[in-house]
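J.: Following is a predicted model, sequence given first.
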Amino acid sequence: MQPSAQQPEANLPGSITGTVVDPKGAPLSGAKVALTREGKSLVPEILTGDDGQFTFVNITPGPFVVTVSGEGFASQTASGVLQARESFRIPQIALAVATAVTEVRVELTPFEVAQEQIKEQEKQRVLGVIPNFYVSYVSNAAPLTPKQKFNLAWKSTIDPVSFAVTGVISGIQQSQNDFSGYGQGASGYAKRYGANYADFAISTYIGGAILPSLLKQDPRYFYKGTGSKKSRALYAIANAVICKGDNGKWQANYSAILGSLAAGGISNLYYPSNDRGGKLIVENTLIGIGSSAGINLLQEFVMKKLTPNLPKNEPVPGQSTGN
């Protein structure tokens, strides 16, 4: 019986042969060769022999694509159309050395991460006006360096709103004749203003920069925002006397407590003589702790709702929440 009686002449299989060489023209042994048609494999993948040759047999006629790859070489493809009963020989395939791909992974240093987070903090203003720099809404924020702590204190003390708030407080004190030794009139107001601003600046620098740098403590309040109202309230109050260390662990807030004591002691240099003494130091310290607790409660339940430009609370690789 003739072949055409069993199988149409147009469908009789053929073979595909080729040779693979390296960039210098030497036969390349062990290169992988795949044969596909319309994205589908026609036969299993084969390897080139010692002479760099490969052969696919019993392949049905039609278009094909040969893909050759080897370790350290860039892949090459060749295509053609196999006719019935044809022995198709592909022109020699020369593989080129693969271009080295270098993965460059850029990671920010802790200083750079903290710097970016500080930039976000410095956008935080209650009602878009009042500075809210000393609260972090990123629970695992990177620790601050001494330089960053001093920069944060500097920007807080020179903010125009800080001067305005000091002016309002001084006006209220004058209207109530607090610290009467300062007297009244423009002179009395100026003295009260100077004393209030000095209290604010000294407390900010000692409690927010100098001692935190020496004791390796973070001067910021870390917003909790989760849990019951009671747990959040207790957390806020406790943060008047505890803080995060630069190591991410909670510890006694020696910076704030000693800072209030130091600021109270220094204030004896410029307050009226009848208001000086140990009582002033103790009062200023207790007032500082109490006001911190009150401000923390506002931070936990009120301030965030009134503060635009909040950063996203995204985790920082390698940082611990310290909880």
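T.: Looks like it came in fine.

J.: can you confirm residue 234 is in a helix?
T.: Yes. Under DSSP: H, G, I helix; E, B strand; the rest coil, residue 234 falls within a helix.

J.: Tell me how many other residues surround it.
T.: 13 (other C-beta atoms under 10 Å). C-beta: built from backbone N, CA, C; applies to glycine.

J.: cool, and residue 257?
T.: Neighbours of residue 257 (other C-beta under 10 Å): 19.

J.: So which bits of the helix or strand hosting it are buried?
T.: Element membership of residue 257 [criterion: DSSP states H and E] is helix 254-267. For helix 254-267, a neighbour-count test (16 or more other C-beta atoms under 10 Å) marks 254-264, 266-267 as buried.

J.: Can you pick out the most distant pair from those?
T.: 254 and 267 (19.7 Å; C-beta to C-beta).

J.: mind checking the end-to-end distance for stretch 47-67?
T.: End-to-end distance for stretch 47-67, by C-alpha to C-alpha, to the nearest Å: 11 Å.

J.: what is the mean pLDDT for it?
T.: Mean pLDDT, computed over stretch 47-67, is 95.

J.: just to revisit the earlier point, next, the angle from the following helix or strand past the helix holding residue 257 to helix 254-267.
T.: Going down the chain from helix 254-267, the next helix or strand is helix 278-298, by DSSP H and E. Here helix 278-298 runs at an angle of 140 degrees relative to helix 254-267 (axes from the mean of the first three to the mean of the last three C-alpha atoms, to 10 degrees).

J.: Please enumerate residues in contact with helix 278-298?
T.: 199, 203, 207, 221, 233, 236-237, 239-241, 256-257, 259-261, 263-265, 267-268, 271 (C-beta atoms under 8 Å, 6 or more residues apart in numbering).

J.: export that helix as PDB, just CAs?
T.: Provided in PDB are the C-alpha atoms of helix 278-298 (Å, rounded to 0.1, in the frame of the first residue of the first chain):
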ATOM      1  CA  GLY A 278      12.100  75.100  96.000                       C
ATOM      2  CA  LYS A 279       8.400  75.500  95.800                       C
ATOM      3  CA  LEU A 280       8.700  77.000  92.300                       C
ATOM      4  CA  ILE A 281      10.800  74.100  91.200                       C
ATOM      5  CA  VAL A 282       8.400  71.500  92.600                       C
ATOM      6  CA  GLU A 283       5.300  73.300  91.300                       C
ATOM      7  CA  ASN A 284       6.800  73.600  87.800                       C
ATOM      8  CA  THR A 285       7.800  69.900  87.800                       C
ATOM      9  CA  LEU A 286       4.300  68.800  88.900                       C
ATOM     10  CA  ILE A 287       2.700  71.200  86.500                       C
ATOM     11  CA  GLY A 288       4.900  69.800  83.700                       C
ATOM     12  CA  ILE A 289       4.000  66.200  84.400                       C
ATOM     13  CA  GLY A 290       0.300  67.100  84.800                       C
ATOM     14  CA  SER A 291       0.200  69.100  81.600                       C
ATOM     15  CA  SER A 292       2.000  66.300  79.700                       C
ATOM     16  CA  ALA A 293      -0.700  63.900  80.800                       C
ATOM     17  CA  GLY A 294      -3.400  66.200  79.800                       C
ATOM     18  CA  ILE A 295      -1.800  66.900  76.400                       C
ATOM     19  CA  ASN A 296      -1.300  63.200  75.800                       C
ATOM     20  CA  LEU A 297      -5.000  62.600  76.400                       C
ATOM     21  CA  LEU A 298      -5.800  65.200  73.900                       C
END
